[in-house]
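Student: output the structure for:
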Amino acid sequence: MTLPMTKDLSLHHYPCTAKRVVDSPLVLIHGWGNDSRVWQEALPLLRQQLDVITLDIPGFSASVSCSGWQEAVEIIGANLPEKCILMGWSLGGMLATRLAHRYSAQVEKLITLATNPSFVCRTGWPTAMAEPVFSDFYTNFDNNPDSCLRQFCALEARGDSDERSLLRWLRNHSAAYNKATWLEALGWLGELDNRELLATLKVPSLHIFGAGDQLVPVAVAEQVQKLSPGAEIAIVNGAGHVPHVSRPQQLVQRCLDFIVSASRHADIADPYRLNKQQVAASFGRAAASYDSVAHLQRQVGEKLLAKIPANFAPARIADVGCGTGHFTRRLAEIFPSAQCAGIDIAPGMISYAAARSSSDINWICADAESLSLADNNFDLLFSNFTYQWCQDLPRLMAEQFRLLKPGGLLVFTTVGPQSLRELRRAWQAVDNHIHVNQFAPLEAVDHALRGAGFVEEQVQVETLVRYYGQLNELTRELKNLGAHNVNRGRNSAMTSRLRIEKFKTAYEALRQPQGLPATWEILYRVARKP
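Tutor: Numbering: from 1, shown residues only. Purely as a prediction, here's the structure:
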C-alpha cells in the first residue's frame, strides 16, 4: 500500500497477514505515557483481518514535537491515508475524535478506547478527574517524572482483574520520554473538551470502556451515549485502563465486529413508533430497581432457558436485551466453555451489569435492530422480554438471522397485543392519547421469522394474569422495570389530576376477587438458522 507521508511522524505499517475484511487500514493512536509499542498485544490479532498503521503522536518516540494539540491534529491529519478507520486510546482517543470531526471525508469509522470526552471535571461534566488532582499530577511529573510514571502505570493497571501481571507488563514496556514534550502533551489532557464534537459527529463510532478503569470511570459510557445516541458503546468486563493489553482477544473481536458491519437506519412516521433514545434512557434509569420487581421476567426467562435443547453446545452466545445481566450470567453458568456477550440498548443497564459480573462476559451497548457485529458470529441468541421494544420486525429478525451461524438457534420470548389490555382499556375511558405501548400481533412475529429464513422448532403462547391490591402497585412496578410509554404519539403534556382519577375509577371497575388484573400474553419461540 502506497500512502502519501511526511517526515513529521514515526509511522509503522503492518500489512494484513490473512484475509482482509475491509480495504481501509486501521490507524492506531496511543495515549499519554506510552508510545506505539503499547499495541503489540493486540496487533497480531488485528493484522489477521486488517492492514494496520501505528503512529507515535507528536513529541513521542521519533515523531516531531509540536506546540499545542491543534498542531498535533494537523500533523497527524497530514499523514492519514485517503480512507482509514481510526482507533485511539485515552489521549489518542481524544485526538482521534478531533481528527474524525475535522477529516470526516477520510475517516470512515472511529473507535475510542478508555477515552473521556473531558479528562478533567468541568461544569456539567463531573464524571472525570478532579482538576486539583490533575494539577498535582502535572506538577509531580514536572518535578519527578520517573516517580510520576511509576504511579501512572499503577493507575493504568488498577481495577483490572489481572492487575499484578498487567503492572509488570507496563513497567517492562515503558517508553523513553522527553520531559518537555511529554509535559506539553499532558497539558493537552487538561485542555481538550470533545463533548460538543461527539454530539455532532457524523462518523460511525464505537466507544469502549474498561469496567474497572480508575482513570476513565465506566460511568462515562452512559454520558457518552447521551451525547451521541447513535454511537455504539462496549464495556470490557474485568479490564482497567488498558484492555488492549490485558484483554486483547475480547477487545479485537469487538472492534472487528464494528468495523465490518454496515450502518442501518430506519425512520417510519407512525404515532406508535418507539422513541429509542427514550427507551434506552428509561431502562437505564431503572437499572438499580429492575431486579427487585422483575418477577414475571424471571419466571418466563427460566421457562425459556428450559427450551434450549439439552444436547446443544454453543461456543458463542449473546443475550440480546440483557438488562442487568441476570440471564447472561445464567447462560455463562449453563455453558461455562462458551464465550458470552450481553447486549442492551441502555448504557445504564450495561454499566450496571458489568459492575456486578465477575465472569468474562463481553458487554455491548447496541440496538437489537442494528447491531455492529459480524455475520455468522453466534451459535445461540437468547432474548427474554426484549423484542417488543423493537418496531421493525422484519429488520429485527433479518439482523438476528445474520448474526447466527448456520445451525444456530434463536431462543426468545416477546409479548403479544393482549398484554396490559386492562391498562389500555382504562386509559381509553379517559382520552384518545396513547398511554400504553402497542405490541405486535403474534402472526407478525412468525411472519418476520419465516421471512428472514428461520425454521421454527418450538412454538408456545401463554397467558399469565398478575393481580394487585392497589393500582399504584402495578404502575410502580412498571416504572421500576423501566417499561414506560415511549411512543412518539403519546401526550407530552402533564396529565391532570381529574384525568388520573378518571383512569383509576375505570381500572377499579375491572377488579376481580383476586385483585386488579394485569394480563400478559407471552410468546415463546425457538427457531433455527438452516
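Student: low-confidence ranges in the stretch 201-350 of the chain?
Tutor: Of all residues in the stretch 201-350 of the chain, those with pLDDT under 70 make up the ranges 261-278.
Student: try 80
Tutor: Within the stretch 201-350 of the chain, the ranges that satisfy pLDDT under 80 run 229-230, 260-284, 286.
Student: verify the stated contact: residue 138 with residue 184.
Tutor: No - Residue 138 lies out of contact with residue 184 (CB atoms under 8 Å); the separation is 10.9 Å. C-betas here are computed from N, CA, C, even on glycine.
Student: how is the protein partitioned into domains?
Tutor: 10-260, 276-528 (automatic domain parsing).
Student: which residues of this structure fall in strands?
Tutor: All strands of the chain, identified by DSSP state E, fall at 10-14, 26-29, 52-56, 84-89, 107-113, 205-210, 232-236, 316-320, 339-344, 362-365, 378-383, 404-415, 455-468, 516-528.
Student: centre of the chain to the third one, how far?
Tutor: Which is strand 52-56. 26 Å (CA atoms, centre = their mean, to the nearest Å).
Student: what is that strand packed up against?
Tutor: strand 10-14, strand 26-29, helix 43-47 (3 or more CB pairs under 8 Å, 6 or more residues apart in numbering; DSSP states H and E).
Student: try it again with 10 Å
Tutor: For strand 52-56, the packing partners by 3 or more CB pairs under 10 Å, 6 or more residues apart in numbering; DSSP states H and E come out as strand 10-14, strand 26-29, helix 43-47, strand 84-89.
Student: now do residue 476 against residue 55, distance only.
Tutor: 54 Å (CB to CB, to the nearest Å).
Student: please save the CA atoms from stretch 125-142 in CSV.
Tutor: Provided in CSV are the C-alpha atoms of stretch 125-142 (Å, rounded to 0.1, in the frame of the first residue of the first chain):
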residue,chain,number,x,y,z
TRP,A,125,-19.2,17.0,33.5
PRO,A,126,-18.4,15.7,37.0
THR,A,127,-17.5,12.1,35.8
ALA,A,128,-13.8,12.9,35.3
MET,A,129,-10.6,13.6,37.2
ALA,A,130,-10.9,16.5,39.7
GLU,A,131,-8.9,19.5,38.5
PRO,A,132,-6.8,19.7,41.7
VAL,A,133,-5.8,16.1,41.3
PHE,A,134,-4.8,16.6,37.7
SER,A,135,-2.8,19.8,38.6
ASP,A,136,-0.9,17.8,41.3
PHE,A,137,-0.1,15.1,38.8
TYR,A,138,1.1,17.7,36.3
THR,A,139,3.4,19.2,38.9
ASN,A,140,4.7,15.8,40.1
PHE,A,141,5.7,14.9,36.5
ASP,A,142,7.5,18.2,36.1
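Student: is it correct that residue 151 is in contact with residue 167?
Tutor: No - contact criterion CB atoms under 10 Å: residue 151 and residue 167 do not qualify, at 11.3 Å.
Student: just give the nearest non-adjacent residue to the residue nearest the centre of the chain, would you?
Tutor: Most central in the chain under CA atoms, centre = their mean is residue 365, positioned 2.0 Å from the mean C-alpha point. Using CB to CB, 6 or more residues apart in numbering and skipping residues adjacent in sequence, the residue nearest residue 365 is residue 233, 3.3 Å away.
Student: wait, isn't that neighbour in contact with residue 209?
Tutor: Yes - Residue 233 is within contact range of residue 209, at 7.5 Å (criterion: CB under 10 Å).
Student: neighbour count winner among those two?
Tutor: Shown here are residue 233 and residue 209; by other CB atoms under 10 Å, residue 209 has more neighbours (32 against 25).
Student: and the more buried one, how far is that from residue 470?
Tutor: 41 Å.
Student: now swap in residue 476 and tell me
Tutor: In terms of CB to CB, residue 476 sits 9 Å off from residue 470.
Student: let me see the contact set for the closest residue to residue 138 other than its chain neighbours.
Tutor: Using CB to CB, 6+ apart and skipping residues adjacent in sequence, the residue nearest residue 138 is residue 186, 5.8 Å away. Neighbour list for residue 186: 32-33, 91, 134, 137-138, 141-142, 148, 152 [criterion: CB atoms under 10 Å, 6 or more residues apart in numbering].
Student: relative to strand 339-344, how tilted is the lowest-mean-pLDDT helix or strand in the chain?
Tutor: Taking mean pLDDT, DSSP states H and E as the measure, the helix or strand of the chain with the lowest value is helix 276-285, at a mean of 72. Counting by axes from the mean of the first three to the mean of the last three CA atoms, to 10 degrees, helix 276-285 points 110 degrees away from the direction of strand 339-344.
Student: in helix 276-285, what's buried?
Tutor: Within helix 276-285, the residues that count as buried by 16 or more other CB atoms under 10 Å are 276, 279-285.
Student: that helix packs against which elements?
Tutor: helix 220-227, strand 339-344, helix 347-355, helix 471-481.
Student: what angle do the shortest one and helix 347-355 make?
Tutor: Between the direction of strand 339-344 and that of helix 347-355, the angle (the same axes, to 10 degrees) works out to 150 degrees.
Student: partners of strand 339-344 in the sheet?
Tutor: Neighbouring strands of strand 339-344 in its sheet, by DSSP bridges, are strand 316-320 (parallel), strand 362-365 (parallel).
Student: circling back: which one's more surrounded, residue 476 and residue 55?
Tutor: The neighbour count for residue 476 versus residue 55, taken as other CB under 10 Å, is higher for residue 55 (24 against 14).
Student: now stretch 333-349: buried residues?
Tutor: Buried residues in stretch 333-349 (16+ other CB under 10 Å): 335, 338-349.
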